[in-house]
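Asks: Predicted structure and sequence below. I'll ask about it afterward.
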Amino acid sequence: MQSILRRTLASSNSLSRCRVNITSRAVSRPFAFRTIVKSSYVFLTLHETAKKYTVEHECVAFDDSTGLGVISITDHAQSSLGDVVFVELPQVGTEVAQHDQIGAVESVKAASDIYAPVSGMVEEINDTLADQPGLLNKSPEEKGWLCKIKLSDPSELEKLMNEEEYKASYEH
C-alpha cells in the first residue's frame, strides 16, 4: 500500500490527479477530513465530530475545526412524534442560550418544543424542512438537521450526554 501511495505521489505533479476515496459503512459517527498540503505531499487527517445528546431528545454534532454545532432531533424523538407535518425554526442571526426554546415540531400525534443544546449564534437553518417537514422522519440526525449554531462556549458540550448515556436515559 505504501509503495502505491509513494508512486502515485511521486508521479503526480498536480493535486487534481490524486483522488482519495474513503468509505466506511461500519462507522456510525460523522467524521471530517482535514487536508494538509506540504510541498508536493498531501496528508489527510481524520478527526471525529463529537455528537452529544440532551434529555429533551435534541442532539448536536460539533465540529471543532469550524466551531459549528449541527442541531437536530434524535431518531428516538421522531419515532415518538409520528409523521411530522410542520417545523418551526429560529431565524439566522438569533443569539441563543443553552436550554432556550429555538423552535417547535408538530406531528399528527403531538407538538413538541425544540431547545438549544448549546449557546451561540444561529448561522444557518435547514430551509428544506419548510417544504419537506417529513424529512425529520426519514433522516432526523442527518438530512433533517434543524440549524447550525456557532458555539459561544464549547465547554457546554461536556454537560451533555454521549450516545450510550442518552439511550440509557429512555430505555428504562
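Replies: Perfect, I can see it now.
Asks: Now do the helices for this protein: every range, in order, please.
Replies: 2-11, 75-81, 128-131, 135-138, 163-171 (DSSP state H).
Asks: I'd like the average pLDDT over the longest one.
Replies: Average pLDDT, helix 2-11: 42.
Asks: Test my guess that K143 contacts L135.
Replies: Yes. Under the criterion of Cβ atoms under 8 Å, K143 makes contact with L135 at 5.6 Å. Bear in mind the C-beta positions are built from the backbone N, C-alpha and C, glycine included.
Asks: Mind listing the shared neighbours of these two?
Replies: Common contacts of K143 and L135 (Cβ atoms under 8 Å, 6 or more residues apart in numbering): T128.
Asks: And these two? Which one has more around it.
Replies: L135 (19 against 14; other Cβ atoms under 10 Å).
Asks: Now do the contacts for that one.
Replies: 128-129, 143-144.
Asks: Any of the residues you listed buried? List them.
Replies: Among the contacts of L135, those buried by neighbour count (16 or more other Cβ atoms under 10 Å) are 129, 144.
Asks: Between which two of the contacts of L135 is the distance greatest?
Replies: Using Cβ to Cβ, the two most remote members of the contacts of L135 are L129 and K143, lying 9.6 Å apart.
Asks: and the residue lying closest to D153 once chain neighbours are set aside, how many residues sit next to it?
Replies: The shortest distance from D153 to any non-neighbouring residue, by Cβ to Cβ, 6 or more residues apart in numbering, is to S119 (5.5 Å). Residues within reach of S119, counting by other Cβ under 10 Å, total 19.
Asks: what's the answer for the one 4 residues further on, then?
Replies: Burial measure for E123: 16 neighbouring residues, criterion other Cβ under 10 Å.
Asks: Mind listing the residues bridging to the residue nearest to E141 when sequence neighbours are not counted?
Replies: Sequence neighbours aside, S72 is the residue nearest to E141 in space, at 4.8 Å (criterion: Cβ to Cβ, 6+ apart). S72 has these beta-bridge partners by DSSP bridges: C59.
Asks: Output the below-cut-off pLDDT ranges for this structure.
Replies: 1-49 (pLDDT under 70).
Asks: can you give me the strands in it?
Replies: For the chain, the strands defined by DSSP state E occupy 31-38, 41-48, 50-53, 58-63, 68-73, 84-88, 95-96, 101-107, 111-115, 120-125, 147-151.
Asks: Tell me which of these lies nearest to E165.
Replies: strand 50-53 (7.4 Å).
Asks: what's the closest one packed up against?
Replies: Applying 3 or more Cβ pairs under 8 Å, 6 or more residues apart in numbering; DSSP states H and E, one finds that strand 50-53 makes contact with strand 58-63, helix 163-171.
Asks: Kind regards, and thank you for your time.
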